[in-house]
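Student: sequence first, then the predicted structure, then my questions.
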Amino acid sequence: MPAVSKGDGMRGLAVFISDIRNCKSKEAEIKRINKELANIRSKFKGSGDKALDGYSKKKYVCKLLFIFLLGHDIDFGHMEAVNLLSSNKYTEKQIGYLFISVLVNSNSELIRLINNAIKNDLASRNPTFMCLALHCIANVGSREMGEAFAADIPRILVAGDSMDSVKQSAALCLLRLYKASPDLVPMGEWTARVVHLLNDQHMGVVTAAVSLITCLCKKNPDDFKTCISLAVSRLSRIVSSASTDLQDYTYYFVPAPWLSVKLLRLLQCYPPPEDAAVKGRLVECLETVLNKAQEPPKSKKVQHSNAKNAILFETISLIIHYDSEPNLLVRACNQLGQFLQHRETNLRYLALESMCTLASSEFSHEAVKTHIDTVINALKTERDVSVRQRAADLLYAMCDRSNAKQIVSEMLRYLETADYAIREEIVLKVAILAEKYAVDYSWYVDTILNLIRIAGDYVSEEVWYRVLQIVTNRDDVQGYAAKTVFEALQAPACHENMVKVGGYILGEFGNLIAGDPRSSPPVQFSLLHSKFHLCSVATRALLLSTYIKFINLFPETKATIQGVLRAGSQLRNADVELQQRAVEYLTLSSVASTDVLVRARPSTPVTEPVLTDPSPWARAPGLATGFSTGQGRGLTSPQGGSSKFPVSLGSSPPSPFHLALFPASSSGLEDIGPPIPEADELLNKPQTGAPVILSPPPPPPRFVCKNNGVLFENQLLQIGVKSEFRQNLGRMYLFYGNKTSVQFQNFTPSVVHPGDLHTHLAVQTKRLAAQVDGGAQVQQVLNIECLGDFLTPPLLSVRFRYGGVPQSLTLKLPVTINKFFQPTEMAAQDFFQRWKQLSLPQQEAQKIFKANHPMDAEVTKAKLLGFGSALLDNVDPNPENFVGAGIIQTKALQVGCLLRLEPNAQAQMYRLTLRTSKEPVSRHLCELLALQF
C-alpha cells in the first residue's frame with residue numbers, strides 16, 4: 001500500500017471531529033454539524049471560477065462520511081465522491097470508494113458512472129487500484145454491478161499475471177456476487193483453473209479460493225470434483241507441518257487454523273474419495289488431527305485451545321459425514337467423551353451435540369452408549385439449560401432396547417425439575433421412547449400415565465390418544481390399564497389429561513375391574529364425576545359419553561347417571577355441546593334398548609406411531625409414506641416377539657377431538673340428520689315449484705388458502721363458514737343467518753356427495769331446528785373424514801320456505817384435498833433426493849400462468865402456508881423462489897407432495913411445479929394453487 005504523505009493528515013477533519021467530541025449537548029452537536037454542512041455545500045457549489053483541488057474534495061467527503069456515521073442523513077456530495085475515483089492518488093481514490101461503499105444505494109443513478117470508473121481501475125493493472133475496485137463491487141453487491149463485472153472478475157482471478165492480493169480480492173468479490181445473484185456468475189473454463197488455486201504458494205489466495213469453491217460446489221458439485229485431491233494434499237501439508245513452517249499463518253502455535261477448517265468443510269460437500277491413495281492420505285490426516293488432540297497444549301492461552309479444538313471438531317464432523325471408517329468413528333467418540341467433563345461449557349455443549357450425530361451411526365452407537373452415566377450426570381447437574389437440552393437429545397439418540405428403561409426413568413426424574421422451556425420436548429421424547437422400545441405394554445402404560453402426572457400441561461393430545469389406541473387394540477393390557485388409571489384418578493390433584501384417559505378407559509374397560517369392591521361400578525362413577533366440575537368443556541363432553549357407556553356396562557348405575565343428566569346444570573347448560581349431549585343421552589337411556597346402546601365402534605387399527613421425532617438427529621429420517629418404503633419400529637409383544645408396524649398406507653388414527661365426539665360405544669349417535677337424496681337426482685332433476693336461488697358455482701378460490709369467511713349471501717340468507725383440519729379429519733361450522741324479519745319454515749340443510757365421492761369423503765351432520773326466526777342465526781357442525789384422495793368437493797343443499805314460497809340453493813362446500821395437508825420440514829439434501837424419486841412424468845404437474853394479483857413476496861408466502869405446505873428455506877438456489885413440502889393425510893393412504901413456485905416479476909408470470917406420488921393429485925393441486933395467484 002502506498003505511504004501516506006504528511007499532507008494527507010487532513011487537519012480540518014481532525015479539528016471538526018474534535019469539535020464534535022467537545023459538544024456538551026445534542027443540540028450543540030447538531031448546530032455544529034449544520035454549520036459544517038452549510039460550509040461544505042458552499043464549497044462544493046464553488047465560488048467563482050475557482051475549483052476544489054483533490055485534497056479539499058477528499059477532506060470534505062471525509063467530513064460527510066463522518067457525519068453520516070454519526071446518524072445524520074447526507075443528501076449531497078455523491079458526485080464529488082465519484083469524481084475522486086478518477087484521481088491517480090491512492091488516498092483520494094480510497095476515500096471515494098469508501099464513500100460510495102457506505103452511502104451510495106444500489107439503485108442510485110450514479111451506478112453507471114461508478115461502473116465506468118471501476119472498469120478503468122480494473123483495466124489499469126495497478127494492483128492497488130484493482131483491489132479498491134474489487135472491494136467496492138463486493139461492498140455494493142448490486143445486481144447491476146454483477147451484470148457489469150461478473151464475466152471480468154473470473155478472468156482476473158485466474159490470470160497468470162494477477163498479483164496475490166488481487167487474486168484474493170477477486171475470489172472474495174466473486175463469492176459475494178454469487179451469493180447475491182447466483183445466476184449472474186457463469187460457469188466456464190475458469191472453473192477448472194480456479195480449482196488449481198488450491199496449490200497456490202500464497203496461503204491467503206488459497207484461503208479465499210477455498211471459500212469460493214465451497215460455495216460454488218454446492219450447486220455444481222461435478223464441476224469442482226477435482227478439488228478433492230488438491231484439498232486433501234493441501235490439508236496434509238498443513239497438518240504435518242510444524243508451527244514454525246507457516247510463520248505468517250500460524251496462530252498461537254496452530255498452523256493455518258482457518259484454512260484447515262475451510263478445507264475440512266469443503267471435503268464435507270463430497271462423499272469419501274474413490275481413489276485409494278487420496279482416501280488413505282485423508283485418513284492419515286484425520287488420524288494426525290486426533291493424535292494431536294491428545295498431545296499436551298503448547299500454550300496455556302485460550303486462543304491456542306480454541307484454534308486447536310476448532311480443527312478437531314471440524315475433523316470429527318468430516319468423520320461423521322463419511323460414516324465409513326469404524327476406527328475413526330470410535331476414536332472420535334472417545335475424544336468427545338473426554339470433553340463431556342471439561343471445565344469449558346462451550347466444549348461440553350459441542351461434545352454433546354457431536355455425539356448426538358455419532359449415536360446414529362451403526363459403527364459408533366455402542367461407543368456412545370459407554371458414556372451414558374456421564375450424560376445422565378450432565379442432565380442433572382449442568383447449570384446451562386442449553387447444555388442440559390443437548391444432554392437430553394443425546395440420551396434420546398443413544399437409547400435402544402438395552403437401556404430404554406434406564407433412560408426413560410432418568411428423563412422422567414429430570415422432568416420434575418426441568419426448565420419450562422424444554423419440558424414439552426422432553427415429554428415428547430419420553431413418549432416416543434416408551435412406545436418404540438417398550439418391553440411390555442404395561443410398562444408403556446405406566447410410563448405415559450406417570451408422564452401425565454408429572455407434566456400433564458405439556459402432554460399433547462397425540463400422546464394420550466396413542467395410549468388409548470394401543471390399549472383398545474390389546475386385550476392383554478386392558479384390565480391392567482383400567483386398574484392403573486383408576487388408582488391414578490384417586491390422587492387429590494389429578495391433571496385433566498389423566499381424567500380424559502381415565503374417562504375413556506373406564507368407559508370402555510371398567511367392567512374388567514368391577515368385580516373388586518374397591519372399584520365397583522358406583523365407585524368408578526363417583527370417582528369420575530368428582531372431577532367433572534373441575535374440567536374444561538371438551539373433557540366434560542367426553543365424561544358425558546363415558547356415563548352413557550356406564551349405563552350399558554353397569555345397568556345398576558342407570559338411575560344415578562340419569563339423575564346427573566337430568567340435573568338443571570346439564571339440561572340448561574350454557575354450552576350448547578354439553579346441553580345437547582345431556583338431552584340426547586338422557587333420552588337414549590330412557591327410550592333406547594340395550595341393543596341400541598351397544599353399537600360399539602370397531603377397534604381402531606394400530607398404525608405406525610403418530611408421534612414424530614422432535615430431534616434433528618432422528619435415526620430414520622424418511623419423510624413419509626409417500627416418499628419412503630422403510631419399515632417403522634413398533635412395540636415388542638409381551639411374549640418377546642417383535643411386533644413391528646410398517647409405515648402403512650392404511651388408515652390414519654382420528655384426532656383426539658374425534659374421540660370426544662364419537663366415543664367407542666356411542667359411535668353413530670351424532671349422525672341423526674335427514675336422509676340425503678341421491679346426488680345425481682338433486683343436481684339433474686329440478687324441484688317443482690322451488691325457485692333456485694343459486695346454481696352451483698365454481699369452488700370459492702378464497703377458501704383454498706383460508707378456512708373462515710362468508711360462503712354465500714343474498715337478500716334472504718347469509719352462510720358463514722369456519723373450519724379446522726388435523727391429519728385426515730376436519731370439523732366445519734356452518735352459520736346460517738336469516739337476514740329477514742320473517743321466519744324460515746322447513747329449514748333443511750344437507751350434504752350431498754356427487755358420484756362416488758362418499759367412498760372418498762365421509763361427512764357427518766347434525767339436524768337443525770326446522771324453523772329459523774327472523775334476524776336469528778343457527779349453527780351446524782360437520783365432522784369430516786378424508787377416506788381417500790378426491791377431486792370434487794361435496795355439495796351443500798339448503799331448502800326452506802320463505803313466506804310460504806319454497807326456496808332452494810346448492811353450493812359447493814369449501815372442502816378441497818389440500819385441507820388435509822400435513823406440513824413437513826426437511827433439509828435441502830432430503831428435498832432434492834425426494835424430488836428425484838418423484839421423477840415419473842405422471843407424477844409431475846406444471847403450469848405457467850400470468851399473475852392475476854400484485855406479486856408480493858409476503859402475500860405469496862402467506863398463501864402457500866395457508867395452502868397447507870411447509871415452506872423450506874435455503875433449498876432453492878434462487879432466494880426469490882418458494883419451495884414447499886407436505887403430506888396429504890387420508891384414511892386409505894398418505895400422499896407426499898413437493899412444490900416449487902418460481903415468480904418472474906419482470907414478466908408478471910409464475911411457474912408452478914408439483915410432484916406427488918399420485919398423478920390426479922398432482923394435477924388437481926396444481927390447478928387449485930394456480931388460481932390463488
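Tutor: Received the coordinates, thanks.
Student: switch to C-alpha atoms for all contacts and neighbour counts from now on
Tutor: Noted.
Student: tell me, what residue is most central in the chain?
Tutor: The structure's the chain has its C-alpha centroid closest to E825; by CA atoms, centre = their mean the separation is 4.7 Å.
Student: pLDDT wise, what is it at?
Tutor: E825 carries a pLDDT score of 85 in this model.
Student: part of a strand, is it?
Tutor: No - according to DSSP: H, G, I helix; E, B strand; the rest coil, E825 belongs to no strand; its state is coil.
Student: how close does N746 sit to Y733?
Tutor: As judged by CA to CA, to the nearest Å, N746 and Y733 stand 20 Å apart.
Student: outline the domain layout of this structure.
Tutor: 475-599, 701-815, 818-931 (the TED database).
Student: and those as a markdown table, adding distance to R390?
Tutor: Converted to a markdown table, the domains of the chain look like this (distance: least, CA to CA, whole Å):
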| stretch | distance to R390 |
| --- | --- |
| domain 475-599 | 28 |
| domain 701-815 | 30 |
| domain 818-931 | 20 |
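Student: ok, which of these comes nearest L174?
Tutor: Among these, domain 818-931 comes nearest to L174, with 16.2 Å by CA to CA.
Student: centre of the chain to that closest one, how far?
Tutor: Chain-centre distance of domain 818-931: 15 Å, with CA atoms, centre = their mean, to the nearest Å.
Student: what's the neighbour count on the nearest residue to the residue nearest to the centre of the chain once chain neighbours are set aside?
Tutor: Nearest non-adjacent residue to E825, counting by CA to CA, 6 or more residues apart in numbering: A870, 6.2 Å away. A870 has 22 neighbours, counted by other CA atoms under 10 Å.
Student: who are the contact partners of A870?
Tutor: P823, T824, E825, L864, G884, A885, G886 (CA atoms under 8 Å, 6 or more residues apart in numbering).
Student: kindly recompute the last result at 7 Å.
Tutor: P823, T824, E825, G884, A885, G886 (CA atoms under 7 Å, 6 or more residues apart in numbering).
Student: could these go into TSV alongside distance to N497?
Tutor: TSV is the format used below for those (distance: CA to CA, whole Å):
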residue	distance to N497
P823	26
T824	27
E825	29
G884	34
A885	32
G886	30
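Student: now do the strands in the stretch 651-800 of the chain.
Tutor: 708-713, 717-726, 729-738, 744-752, 761-765, 777-786, 795-802 (DSSP state E, counting those that start in this stretch).
Student: ok, which of the domains of the chain comes nearest V387?
Tutor: domain 818-931 (24.2 Å).
Student: what about the helices in the stretch 101-250 of the chain?
Tutor: 111-123, 127-140, 143-149, 152-158, 164-180, 190-195, 203-217, 227-239 (DSSP state H, counting those that start in this stretch).
Student: okay, how far is it across stretch 566-579, tip to tip?
Tutor: Note: stretch 566-579 ends 10 Å apart using CA to CA.
Student: which residues of this structure score low on pLDDT?
Tutor: For the chain, applying pLDDT under 70 flags the ranges 1-9, 47-50, 243-245, 592-702.
Student: 50 - rerun?
Tutor: 1-7, 48-49, 599-610, 614-700 (pLDDT under 50).
Student: which residues sit against stretch 820-837?
Tutor: 627, 725-728, 868-870, 872, 875, 885-889.
Student: likewise stretch 845-861?
Tutor: With CA under 7 Å, 6+ apart, stretch 845-861 has contacts from 905, 908-915, 922-923, 926, 933.
Student: scan those residues and report the most crowded one.
Tutor: R915 leads those on contacts (other CA under 10 Å) with 30 neighbours.
Student: give the buried residues for the helix or strand encompassing L282.
Tutor: Assessed by DSSP states H and E, L282 sits inside helix 276-294. Neighbour counts over helix 276-294 (16 or more other CA atoms under 10 Å) mark V278, K279, R281, L282, V283, C285, L286, E287, V289, L290, A293 as buried.
Student: mind putting the helices of the stretch 101-250 of the chain into CSV with distance to L512 and mean neighbour count?
Tutor: Listed next are these as CSV, based on distance: least, CA to CA, whole Å; neighbours: other CA atoms under 10 Å:
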stretch, distance to L512, mean neighbour count
helix 111-123, 83, 18
helix 127-140, 76, 21
helix 143-149, 74, 19
helix 152-158, 80, 21
helix 164-180, 67, 23
helix 190-195, 75, 18
helix 203-217, 65, 21
helix 227-239, 68, 20
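Student: L352: which of those is closest?
Tutor: That would be, of these and by CA to CA, helix 227-239, which comes in at 25.7 Å.
Student: got the angle for that closest one vs helix 203-217?
Tutor: 150 degrees (axes from the mean of the first three to the mean of the last three CA atoms, to 10 degrees).
Student: elements contacting helix 227-239?
Tutor: helix 257-267, helix 276-294 (3 or more CA pairs under 7 Å, 6 or more residues apart in numbering; DSSP states H and E).
Student: show me the helices in the stretch 751-900 of the chain, by range?
Tutor: Using DSSP H, counting those that start in this stretch, helices in the stretch 751-900 of the chain cover 828-837, 857-867.
Student: so which of those is nearest H529?
Tutor: Short answer: helix 857-867, nearest of those by CA to CA, at 41.1 Å.
Student: name the residues of that closest one that come out as buried.
Tutor: Neighbour-count burial for helix 857-867 [16+ other CA under 10 Å]: T860, K863, L864, L865, G866, F867.
Student: surely M498 and N450 touch.
Tutor: No - with contacts defined as CA atoms under 7 Å, M498 does not count as touching N450, sitting 9.6 Å away.
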